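Participant: Model the following, please.
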Amino acid sequence: DGGYGGGGGQFCLSNSRSLDMLTNKFSPILADLAMSNGRGVIWGGNVSRLDGSREYWHDVWEPYVENMNFNVGPSPPTRTSGGTGIVTPNPDMACNRYIKFDYMRRYAFSPRPSGAGAHVLVTGHYASLESSAAKGLHMKEGADKKKDQSYFLSTTPAEQFQGVVFPLEGFEKGNDVNNNVEDSIITHFEACGYISTKLPSSGGSESPNANAVTTRDIARAFKLPQANAKDSQGICMVNDGNISVRETAEVDAGSKTGPVGGGKVGFNGFMSTFIDIPDQREGVYVDVDTNEVVATFTIQDDYEGCQIMKNPLLYTVGQNARIGGGRVKYFVVGRRRGDSTHQHIVLVAGDTRHPSLYRDEVESDDFNVMDGGIKAALVGGVEYCVDAVARVRHLQPLIPCTVTITTSGVRTHASVKFKQPVRAPCEGQVVCVYEEEGDEGGRRVVIGGGRIT
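Facilitator: Numbering: from 1, shown residues only. Modelled structure (predicted):
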């Protein structure tokens with residue numbers, strides 16, 4: 001979801017059509033739009049739908065599918081610096097960079113009637129934007145470390161956040177309050193300069209918890225339908241594997257149920273409609289230590305149910321290989337080129353802490369520097385080296401490291417050397433680097449982020 005100010009309204013960004021790519025089945029965007037319309041009434045504005053499906057398909061989805069097809073190919077080239085032969089792309093990063101803070105931002109700030117004519121773009125991301133003479137416009141972690149989304153925003157150029165506001169940037173999930181939750185909420189947002197009127201009373205049994213103010217408390221206070229909605233997930237058009245797919249595109253905003261059918265569809269089921277299922281479906285698991293075959297597998301599918309029941313070629317590094325019938329639990333280490341005997345070879349290790357799963361260095365050939373001071377220092381091909389902390393997964397504990405950044409033409413390269421081995425980094429994941437020390441509130445500046453190569 002995104003909103004715009006100055007134009008007096010809100011919009012709901014759709015990256016997939018209502019009768020969408022998933023075999024013409026229900027898309028969650030319809031429920032989101034239905035709830036947003038309710039929210040628009042509350043705020044006194046109109047909610048319109050911004051269709052970004054074409055841009056999402058071209059800039060996010062096609063590159064993502066291309067990388068996933070790399071994984072299911074019969075003979076993956078060893079193009080990864082870690083030699084795993086597996087790519088684990090993250091579409092959330094591309095969506096933020098190319099859709100939310102490019103396509104959506106351009107629409108928001110374009111004059112009417114082609115755009116929204118907005119002065120401010122407001123989104124619900126948990127991250128902090130600041131500006132200083134030394135760093136320019138830059139990003140910090142959100143105050144709530146359990147919700148911080150700076151990792152997902154680290155590959156978006158800082159200039160794309162001009163005019164963007166994150167109202168939740170300083171909001172902590174467990175703020176201690178007095179007896180009046182609504183007063184505490186309004187005090188927080190007034191201090192941030194985002195609102196200046198009293199929150200509506202939630203009343204009765206719907207009153208928020210008086211011991212901790214959360215975004216859901218705010219939603220309940222405003223009686224927003226999102227107050228009890230499920231948390232969002234990465235690929236927003238993929239339904240939960242435990243929820244049946246709705247056959248209809250018609251959604252009753254007040255209904256919690258609906259026409260159900262079609263079986264359950266999770267990530268593998270969704271991806272089966274896009275990736276190239278190999279003709280040769282048999283493969284083997286090979287122990288990385290002994291080079292012996294420890295099990296075989298067959299890629300199973302169920303096209304009628306739109307679901308791949310099991311496809312080990314979609315497993316990522318460090319994932320449980322799910323090999324049954326043995327006393328040893330194996331974990332995916334990588335893939336090896338097929339040979340005359342076996343076309344698909346998945347390398348596994350019999351220990352979740354096996355040395356082959358760890359690396360002490362990763363590199364990125366398209367590193368996005370978000371700190372304007374470092375950008376200025378890199379002019380002229382100068383090498384920039386600094387002690388920092390980093391993570392290769394969302395909310396992973398920060399790991400001490402040394403990052404060395406260089407530029408060559410329009411490309412920026414980063415080498416991140418960890419001071420302790422890191423488990424299962426993989427090409428396609430993003431390494432996000434932060435300053436070693438945070439501010440008074442503990443929030444660290446984001447140095448930058450880039451796709452691991």
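
Participant: rest of the way, CA atoms for contacts and neighbours
Facilitator: Noted.

Participant: Am I right that residue 395 is in contact with residue 146?
Facilitator: Yes. If you go by C-alpha atoms under 8 Å, residue 395 and residue 146 touch, sitting 7.1 Å apart.

Participant: Overlap of the contact sets of the two?
Facilitator: With C-alpha atoms under 8 Å, 6 or more residues apart in numbering applied, the contact sets of residue 395 and residue 146 do not overlap.

Participant: With just CA atoms, put stretch 98-108 into PDB.
Facilitator: Extracted C-alpha coordinates of stretch 98-108, given in PDB (Å, rounded to 0.1, in the frame of the first residue of the first chain):
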ATOM      1  CA  TYR A  98      11.600  -0.400  -9.300                       C
ATOM      2  CA  ILE A  99       7.900  -0.300  -8.300                       C
ATOM      3  CA  LYS A 100       7.200   1.300  -5.000                       C
ATOM      4  CA  PHE A 101       9.900   4.000  -5.000                       C
ATOM      5  CA  ASP A 102      10.200   4.500  -8.800                       C
ATOM      6  CA  TYR A 103       6.900   3.800 -10.600                       C
ATOM      7  CA  MET A 104       4.600   4.600  -7.700                       C
ATOM      8  CA  ARG A 105       6.700   7.600  -6.600                       C
ATOM      9  CA  ARG A 106       6.700   9.000 -10.100                       C
ATOM     10  CA  TYR A 107       3.000   8.700 -10.300                       C
ATOM     11  CA  ALA A 108       2.500  10.200  -6.900                       C
END
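
Participant: got the contact list for residue 228?
Facilitator: Per C-alpha under 8 Å, 6+ apart, neighbours of residue 228: residue 216.

Participant: and if you look at residue 374?
Facilitator: Counted by C-alpha under 8 Å, 6+ apart, residue 374 has contacts 135, 384.

Participant: what comes into contact with the helix or strand where residue 450 lies?
Facilitator: Assigned by DSSP states H and E, residue 450 falls within strand 446-451. When contacts are defined by C-alpha under 8 Å, 6+ apart, strand 446-451 is touched by residues 138-141, 150-151, 154-155, 364-371, 427-435.

Participant: likewise stretch 315-333?
Facilitator: If you take C-alpha under 8 Å, 6+ apart as the criterion, stretch 315-333 is touched by 84, 86-88, 288, 295, 312, 334, 346-352, 356-357, 423-426.

Participant: And residue 406, what's its pLDDT?
Facilitator: At residue 406, the model reports a pLDDT of 96.

Participant: what angle separates the helix or strand harbouring it from strand 446-451?
Facilitator: Following DSSP H and E, the helix or strand that holds residue 406 is strand 399-408. Strand 399-408 runs at 70 degrees relative to strand 446-451, counting by axes from the mean of the first three to the mean of the last three C-alpha atoms, to 10 degrees.

Participant: neighbouring contacts of strand 399-408?
Facilitator: Residues external to strand 399-408 that are found in contact with it (C-alpha under 8 Å, 6+ apart): 378, 381-391, 412-420, 433, 436.

Participant: The contacts of strand 446-451 in helices, which ones?
Facilitator: Using DSSP state H, 150, 151 are the members of the contacts of strand 446-451 that sit in helices.

Participant: ok, back up a step: put the buried members of the contacts of strand 399-408 into a ChimeraX selection.
Facilitator: Restricted to buried positions by 16 or more other C-alpha atoms under 10 Å, the ChimeraX selection for the contacts of strand 399-408 reads:
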select :378,387,388,389,390,391,412,413,414,415,416,417,418,433,436
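
Participant: tell me which residues of stretch 318-330 are tucked away?
Facilitator: 318, 320, 321, 323, 329, 330.

Participant: what's the model's confidence in it, averaged?
Facilitator: 91.

Participant: Straight-line length of that stretch, end to end?
Facilitator: End-to-end distance of stretch 318-330: 9 Å, with C-alpha to C-alpha, to the nearest Å as the criterion.

Participant: cool, stretch 49-65 as well?
Facilitator: Using C-alpha to C-alpha, the end-to-end distance of stretch 49-65 comes out at 26 Å.

Participant: shaky segments in the stretch 251-400 of the chain?
Facilitator: Along the stretch 251-400 of the chain, the parts satisfying pLDDT under 70 run over 251-270, 301-310.

Participant: related to what we said a few turns ago, which of the contacts of stretch 315-333 count as buried?
Facilitator: The neighbour-count criterion (16+ other C-alpha under 10 Å) marks 84, 86-88, 288, 312, 334, 346-350, 352, 356-357, 423-426 among the contacts of stretch 315-333 as buried.

Participant: I'd like the distance between residue 356 and residue 84.
Facilitator: Residue 356 is 10 Å from residue 84, where distance means C-alpha to C-alpha.

Participant: and what of residue 279?
Facilitator: 23 Å.

Participant: Each with direction, which strands does the lengthiest strand in the chain pair with?
Facilitator: Looking across the chain with DSSP state E, the single longest strand is strand 411-423. Pairing partners of strand 411-423, with direction, according to DSSP bridges: strand 358-364 (antiparallel), strand 399-408 (antiparallel).

Participant: quick one: the helices in the chain?
Facilitator: So, for the chain - with DSSP H - the helices run 29-43, 53-56, 62-72, 91-94, 104-109, 150-153, 181-192, 215-221, 267-271, 372-377.
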